[in-house]
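K.L.:
What follows is a protein structure lacking sequence information:
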């Protein structure tokens, strides 16, 4: 899947069984020149994802036939399509589960449609403009740190030569840390870098993304050797011998 060059060519799938919500979101998104396609149940959503070009999914959790959590797992195992969960399930545990399964963002109902649009546009910018931004700042295309090799051109991570699948948000965080090993980034700096803007109800999101990254890259996620927590400040990636080559 390749992102479009301008905003009016992005295609948004709304997987939602409430027709009023679909029509409300369609109205606001089409005003932003975004193309909208809708699915009223999880089975139909997966058919669309597997058969059509989709740039971002707005996903309800409590869908008929296949729920949103299952869809998130299935999508993340096969695609790198960003996912914004929009759900009435508003407990912290619900949000953490959604992010832990691979969603890029999580909003709760009732919602402000303008905030939904803002988050969608932010996700699209960071997921599909990453390459051009990185090319402007980084001529070389591979960062190597210990057993990890992050390819900035094709957005892949390997550990000892074995590819590790990352979500767009996880890639953004790891890329930021690996470019400056040893540097401590505050939680706010990381959050603003990956989301573009800060929303006050997202305090748990960064912790979940860091936890998922550790599970993927560390031999022991409870005793990490790469991503270190600096208590009361933020995170850094441990400074080791770093090699960059073309």
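P.N.:
Ah, there it is. Quantities reported herein were computed from a predicted structural model and do not represent experimental measurements. Numbering: from 1, shown residues only.

K.L.:
Stretch 13-26: end-to-end distance?
P.N.:
When the termini of stretch 13-26 are compared using C-alpha to C-alpha, to the nearest Å, they are 10 Å apart.

K.L.:
ugh, wrong one, I meant stretch 221-228
P.N.:
End-to-end distance for stretch 221-228, by C-alpha to C-alpha: 11 Å.

K.L.:
quick one: average pLDDT of that stretch?
P.N.:
The average pLDDT within stretch 221-228 is 92.

K.L.:
cool, stretch 105-117 as well?
P.N.:
Stretch 105-117 shows a mean pLDDT of 93.

K.L.:
List the buried residues of that stretch.
P.N.:
Going by neighbour count (16 or more other C-beta atoms under 10 Å), the buried part of stretch 105-117 is 105-107, 111, 116-117. Where you see a C-beta, it was placed from the backbone N, CA and C, and this is true even at glycine.

K.L.:
which helices and strands sit right next to the longest helix belonging to the chain?
P.N.:
In the chain, with assignment by DSSP state H, the single longest helix is helix 113-128. If contacts are counted by 3 or more C-beta pairs under 8 Å, 6 or more residues apart in numbering; DSSP states H and E, helix 113-128 sits against helix 19-31, strand 56-59, strand 83-87, strand 105-108, helix 168-179, helix 187-195.

K.L.:
Which one, of those, ends up nearest to residue 145?
P.N.:
Among the helices and strands packed on helix 113-128, helix 168-179 comes nearest to residue 145, with 5.5 Å by C-beta to C-beta.

K.L.:
neighbouring contacts of the closest one?
P.N.:
With contact meaning C-beta atoms under 8 Å, 6 or more residues apart in numbering, helix 168-179 is reached by 80, 82, 104, 123, 126-127, 130, 134, 138, 143, 145, 148, 150, 152, 155, 157, 166, 185, 190, 193-194, 209-210, 212-213, 216-217, 227, 235-237.

K.L.:
Now do residue 42 against residue 28, distance only.
P.N.:
23 Å (C-beta to C-beta, to the nearest Å).

K.L.:
returning to that earlier point: next step: the contacts of helix 168-179 restricted to strands.
P.N.:
Judged by DSSP state E, these include 143, 145, 148, 150, 157, 185, 227, 235-237 as members of strands.

K.L.:
List just the nearest of the residues you listed to residue 51.
P.N.:
residue 157 (28.1 Å).

K.L.:
burial of that closest one, as a residue count?
P.N.:
Using other C-beta atoms under 10 Å, residue 157 is surrounded by 22 other residues.

K.L.:
from memory it sits against residue 163, does it?
P.N.:
Yes - look at residue 157 against residue 163 with C-beta atoms under 8 Å: they come within range, at 7.0 Å.

K.L.:
for the chain, what are the low-confidence residue spans?
P.N.:
Where the chain drops to pLDDT under 70, the residues are 1-8, 129-140, 196-203, 240-246.

K.L.:
Recalculate using a threshold of 80.
P.N.:
Scanning the chain for pLDDT under 80 picks out 1-9, 128-140, 153, 193-205, 239-246.
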